[in-house]
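Colleague: need a 3D model of the following:
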Amino acid sequence: MIWDVALRKLLRHRGASFELDVRFASDARRLVLFGPSGAGKTLTLKMIAGIVAPDVAHVRVAGRVLHDTNRGVRMSPQERRLGYLFQDYALFPHLTVRQNIAFGRRKGWINPGRASTDEAVARWIAAFHLEAVADHHPHQLSGGQRQRTALARALVNEPSALLLDEPFAALDMGLRERLRSELVELQRQIDLPLLLITHDLDDVRALDAELLHLHQGRVVEDAAMPQLCHA
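Modeller: Okay, the predicted model is just below:
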């Protein structure tokens, strides 16, 4: 089983509460968690990654137990070895493309030097055709170049799976279509399990992935979803 996830968390804010109770198990190498804003998609992804602590959880990804409340297991985000792509890419504006990718190799907060010679960094710069902009800063990049830089940073440490938070939301329509295709081809090449969250049905159709529908903090059965995804 690639994905074996059970997460519970209760959030309270100014008298209101939101309870997330997400459970799913799947052997899909491409899995999409679909739902509207506020359904709990990003919260789910961050708890799988270890960025946010659940109240109770069991998380097993690609054969490794990352979190198990009953057994007292709670790996740090670094120990989980999951590549995480944030919705806004979270590139450091003061670092070059090369340095941003190299930062994924660092265990602390010391910035990599501008002349990094790390072979893994060089390999992903070449894989994503970023050689011409390797010494550029994020504000000098196109939307596609920023996404490829963020993906390279997520992949540079050879993660066991890739988590993507609405990766196409900030892009124009033409670029979204091209980068969806590139992502599918990349996943085929590296054969890395991928979990993507989105509220856009076009993402679901393009990725041809197994679909989970999240609604108000729960994975729900929705008979209409398969028809919508293949319309």
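Colleague: which stretches in this protein count as strands?
Modeller: In the chain, the strands defined using DSSP state E lie at 3-13, 16-26, 30-34, 56-61, 64-68, 73-74, 82-85, 161-165, 194-198, 210-215, 218-220.
Colleague: need these in CSV (columns: distance to Val133 and mean pLDDT).
Modeller: Quick note: C-beta positions are derived from backbone N, CA and C, even for glycine. Output for the strands of the chain, formatted as CSV (distance: least, C-beta to C-beta, whole Å; pLDDT from 0 to 100):
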stretch, distance to Val133, mean pLDDT
strand 3-13, 34, 96
strand 16-26, 36, 96
strand 30-34, 28, 94
strand 56-61, 32, 98
strand 64-68, 34, 98
strand 73-74, 38, 97
strand 82-85, 18, 93
strand 161-165, 22, 94
strand 194-198, 25, 94
strand 210-215, 35, 94
strand 218-220, 40, 95
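Colleague: so for Glu177, which of those sits nearest?
Modeller: Closest to Glu177 of these is strand 194-198 (C-beta to C-beta; 14.1 Å).
Colleague: number of residues surrounding the closest residue to Ala169 other than its chain neighbours?
Modeller: In this structure, Ala169 finds its nearest non-sequential neighbour in Gln87, 6.0 Å apart by C-beta to C-beta, 6 or more residues apart in numbering. Close neighbours of Gln87, defined as other C-beta atoms under 10 Å, add up to 15.
Colleague: what's the answer for Asp27, then?
Modeller: Asp27 sits with 11 neighbouring residues when counted by other C-beta under 10 Å.
Colleague: please apply the same query to the one 5 residues further on.
Modeller: As a burial measure, the neighbour count of Val32 was computed by other C-beta under 10 Å and equals 24.
Colleague: pretty sure Arg153 contacts Ile101?
Modeller: Yes. If you go by C-beta atoms under 8 Å, Arg153 and Ile101 touch, sitting 4.8 Å apart.
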